[in-house]
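Q: After the sequence you'll find the predicted model.
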Amino acid sequence: MKAVHLISGGDTGGARTHVLLLIRALAERIPVRLVCLTPGEFYDDARDLNLPVVLLEQKKRTDLSVASRLRALLEEFDADLLHCHGARANFLAALIKRRIRIPTVTTVHSDYRRDFEDNLYKHIVYTALNSLSLRSFDYFLAVTDQFRTLLTARNFSSERIFTVYNGLDFSAPRVTDEDQHRKAWGIPGGAAVIGTIGRLARVKRHDVFVQAAAHLAPRHPETHFVIVGDGDEKRNLERQVRDLGLQDRISFTGHIDKVDTALSLFDINVLSSESESFPYALLEGARMAKPTVATPVGGVPDLVSEGRTGLLAPVGEPKELAARIETLLQCPDLRQKLGSNLYDHARCNFSLEAMRDRHLDIYEQILRGAGAPARPEQKAVVSGYFGFGNTGDEALLQGLLTGLKKKSLLEVTVLSADPGGTASTHGVKTVKRFSPLQVLKALRGADLFISGGGTLLQDETSLRSLIYYASLIHLARWMGVPVMIYANGLGPLKSRTGRFLARRCLTLAQCVTLRDQASLQTARNLGISRPIEVTADPAFGLDPAPELEAKRVLERAGVPADSRPVILSLRPWGSATGRIAHLAARTAELLYQKDYFPVFCAMQAHKDGPVCQEAAQLANCPTAVIQQDLRPALALALMAQGHLTVGMRLHALILSAVVGVPPIGLSYDPKIEGFLSEIGVPCPGHVEELEPADLEQILTCEILPHLDRWRDHVAAASTRLKRQAERNNDLALTLLARR
């Protein structure tokens, strides 16, 4: 096979690195030509690397004579396919598409709707032309699964989209000349260097990096910050640095040809972008084993796994970014561990050879006329209480996704109240849960519908929610999609309509797993005799964030470093809310008298925050309140810092058990009693009846004197439930296999 790659030649950053490396690797296996449309640095570099490059100069964008010259080159080379990179190349390919008889392919290196956004004219004209040109292509290569999902969501045929992750040559020499560059960039000798690499464009959010530096600079005078790159935002960033008085603490290097020269100086590699593909700035850092802090955008989470190969910070949050950088600054051992893990992970999964072989495999499929992806994927739609800012339900979803992806190449679409937030947090395709057209489109062609986790089949809080979840199950079955009720809690079911709907759902689903014995008994009471397995909540499959990150959250909340925290998780519950706050305040006082420090933690910040604040104000002792949206891994790490959890939210108790910390539940729903019974921990009683003295009796007589024994007991129960949680995924995949 013979391939021609077309690129403008003015490319910088990751796309430039990607194409040069790819052509070099492909040329070792097949005849290939790289065609540049403009002279300059890219073309010169290609020649210096002895690549098979041709300059087909287009002196200005309106010079369309290059189209006929490109056609002639394709015929002369006898090309089997044309592979394009970038907007200008895409436009030319679209012009000649009807006059060439070979497949056209383009690599999507970025969100094409955000290209050129730093220049209004280019954004209006070039982005529109590129969007139209893309519709003419036969096949698309997305550099992350997220971009593949993005293209599918924009109505590009999923059968014509392939995922190919960027690769890097890990055998290449590492360039170092530290003294020279320290002096040139004004970096003091011995200073720890925090650096970021990327073109200076708004989408890269270097302003957030600068604000994070402003938070860190006074606390860490021994650090220096470096911004590598050039672009339209440079003046704005330089002004921001001057306004913050950080001229002596932040250096701008401008564009440099080889980022290794900068990375060799970095102690921590940072990326603060709000949109990315699969950034070479991080992959280059991985090759040099640099500890990394990044935002979880695009394909970043595939390289930087929270707490394993790096740390992740929310987009647009300078204080959170600074906190994670500070975590690494304060722990050299963690820096070394994360950098080493990142290197091993990248070398095994993102090598140049893997990228080349994946391209060759796709080319062969295209030329055989096989339009299906190289990795056949099945599709699942997941429904639950997602996108509402509830840490527990987000932990449940994260556990479900993590478990499924460990064992399959499943493409998952999540029905969410906040599709953008869920997509950003979990890296999945999403649709609006209350949009009938979007839900129908998601179910069309799905191989599995998962009614996933939580207590969905109940009418205690609302019959409307039960009608909603039951309607989805009926709709999926009507459309011929297999249904799995996945680790659900069942009940309470107080109305005749509620019991009828729950019975119908349990009958319609091809596979049912419930998360506790109490739910199974409810099913039997409904007259359901079909096989049902009792498994466990998918949150049992999660891992916590690094310990230092949780300690930083406690420190910011005002928890003394030498104290023994106890986590108290409350929620409002109708007319009993005032009573709950009073009960929690008295409990906090008791715990403080026993030399523990009470920490009120809102698992759903906007709902639980007020009652946590009220309880803290009523308590006649020092307390702390954590009222922020917690990602599941961080919530787990916080629970691990506690000696005990006293909570109402089910997932506060579950997450506590996951990390082996004894949970004491204040019941407002049978699911609390069911879970505590499952792990063999006493339940003091229902919040509408429980008195402070009753809770004090259990704490002082049964729990606190024997806390180590309870820890061992809960840890053993957690190990068992982790195994049971895995069973959910095995059954889901069995159902897919039948499909």
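A: Alright, I've got the coordinates.
Q: Show me where the stretch 401-550 of the chain has its strands.
A: Under the criterion DSSP state E, counting those that start in this stretch, strands of the stretch 401-550 of the chain are mapped to 411-416, 429-432, 448-452, 483-488, 511-514, 533-534.
Q: do the stretch 251-400 of the chain as well
A: Under the criterion DSSP E, counting those that start in this stretch, strands of the stretch 251-400 of the chain are mapped to 268-271, 292-294, 311-312, 379-383.
Q: could I get those as TSV with mean pLDDT?
A: Formatted as TSV, those follow (pLDDT from 0 to 100):
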stretch	mean pLDDT
strand 268-271	97
strand 292-294	96
strand 311-312	92
strand 379-383	95
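Q: Switch these over to TSV; also include mean neighbour count and distance to Leu415.
A: Bear in mind the C-beta positions are built from the backbone N, C-alpha and C, glycine included. Output for those, formatted as TSV (neighbours: other Cβ atoms under 10 Å; distance: least, Cβ to Cβ, whole Å):
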stretch	mean neighbour count	distance to Leu415
strand 268-271	28	30
strand 292-294	27	28
strand 311-312	26	24
strand 379-383	25	5
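Q: now those as CSV including distance to Val54?
A: Converted to CSV, the strands of the stretch 251-400 of the chain look like this (distance: least, Cβ to Cβ, whole Å):
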stretch, distance to Val54
strand 268-271, 34
strand 292-294, 37
strand 311-312, 42
strand 379-383, 41
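Q: Could you work out which of those strands reaches nearest to Val304?
A: Minimum separation from Val304 across these (Cβ to Cβ) falls at strand 292-294, 5.0 Å.
Q: what's the closest one packed up against?
A: Helices and strands touching strand 292-294, by 3 or more Cβ pairs under 8 Å, 6 or more residues apart in numbering; DSSP states H and E, are strand 268-271, helix 280-287, strand 311-312, helix 318-329, helix 332-349.
Q: pLDDT averaged over the helix or strand harbouring Ser68 - what is it?
A: Under the criterion of DSSP states H and E, Ser68 resides in helix 65-77. For helix 65-77, mean pLDDT rounds to 93.
Q: can you check stretch 680-697 too?
A: Averaging the model's pLDDT scores along stretch 680-697 yields 93.
Q: Not counting it itself, show me its contacts.
A: Here stretch 680-697 makes contact (Cβ atoms under 8 Å, 6 or more residues apart in numbering) with 573, 576, 579-580, 582-583, 586-587, 590, 648, 662-668, 672-673, 676-677, 698, 702-703, 710, 713-714, 717.
Q: Which ones among those residues map onto helices?
A: Among the contacts of stretch 680-697, the subset assigned to helices under DSSP state H consists of 579-580, 582-583, 586-587, 590, 672-673, 676-677, 710, 713-714, 717.
Q: And the furthest pair within those residues?
A: Within those, His582 and Ala717 form the most distant pair, 31.2 Å apart (Cβ to Cβ).
Q: Now do Ser277: how many residues are near it, please.
A: Look at Ser277: counted by other Cβ atoms under 10 Å, it has 25 neighbours.
Q: Could you do Gly680 as well?
A: Counted with other Cβ under 10 Å, residues neighbouring Gly680 total 11.
Q: again with Pro662
A: As a burial measure, Pro662 scores 26 neighbours (other Cβ under 10 Å).
Q: what about stretch 597-612, how long is it end to end?
A: Stretch 597-612 stretches 15 Å from its first residue to its last (Cα to Cα, to the nearest Å).
Q: Which positions in it come out as buried?
A: 597-605, 608-609, 611-612 (16 or more other Cβ atoms under 10 Å).
Q: can you check stretch 216-223 too?
A: Within stretch 216-223, the residues scored as buried using 16+ other Cβ under 10 Å are Leu216, Ala217, His220, Thr223.
Q: Read off the pLDDT value for Gly14.
A: pLDDT, Gly14: 67.
Q: hang on, the earlier thing: quick check, nearest of the ones in helices among the contacts of stretch 680-697 to Leu655?
A: Taking Cβ to Cβ as the measure, Leu655 lies nearest Val714 of the ones in helices among the contacts of stretch 680-697, at 11.9 Å.
Q: show me what contacts the closest one?
A: Val714 makes contact with Ser656, Ala657, Gly660, Val661, Pro662, Pro663, Ile679, Val681, according to Cβ under 8 Å, 6+ apart.
Q: Burial check on the last one, number of neighbours?
A: If I follow you right, that is Val681. 21.
Q: does it count as helix, strand or coil?
A: coil (DSSP: H, G, I helix; E, B strand; the rest coil).
Q: now it: how far from Ile703?
A: Distance from Val681 to Ile703, counting by Cβ to Cβ, to the nearest Å: 9 Å.
Q: quick one: common contacting residues for these two?
A: Contact with both Val681 and Ile703 is made by residues Pro662, Ile664, Trp710, according to Cβ under 8 Å, 6+ apart.
Q: what's near enough to touch the nearest residue to Gly167 once chain neighbours are set aside?
A: Leaving aside its sequence neighbours, Gly167 sits nearest to Met355 (Cβ to Cβ, 6 or more residues apart in numbering; 3.0 Å). Met355 makes contact with Leu21, Leu22, Ala25, Val164, Tyr165, Asn166, Gly167, according to Cβ under 8 Å, 6+ apart.
Q: Is it correct that Ile102 is in contact with Asp78?
A: No: the criterion here is Cβ atoms under 8 Å, and Ile102 misses it with Asp78 at 9.6 Å.
Q: Give me the more crowded residue out of these two.
A: Ile102 (19 against 9).
Q: Spatially, what comes nearest to that one if we skip its sequence neighbours?
A: With sequence-adjacent residues excluded and distances taken as Cβ to Cβ, 6+ apart, Ile102 is closest to Leu81, at 5.3 Å.
Q: what's the neighbour count on the one you found?
A: Burial of Leu81 is recorded as 21 neighbouring residues (other Cβ under 10 Å).
Q: Relative to Gly665, how far out is Ser656?
A: From Ser656 over to Gly665 the distance is 10 Å, taken as Cβ to Cβ.
Q: Need the residues touching each of the two.
A: Taking Cβ under 8 Å, 6+ apart as the contact rule, the neighbours common to Ser656 and Gly665 are Gly647.
Q: Deepest-packed of the helices and strands packed on strand 292-294, please.
A: Stretch with highest mean neighbour count among the helices and strands packed on strand 292-294: strand 268-271 (a mean of 28; mean count of other Cβ atoms under 10 Å).
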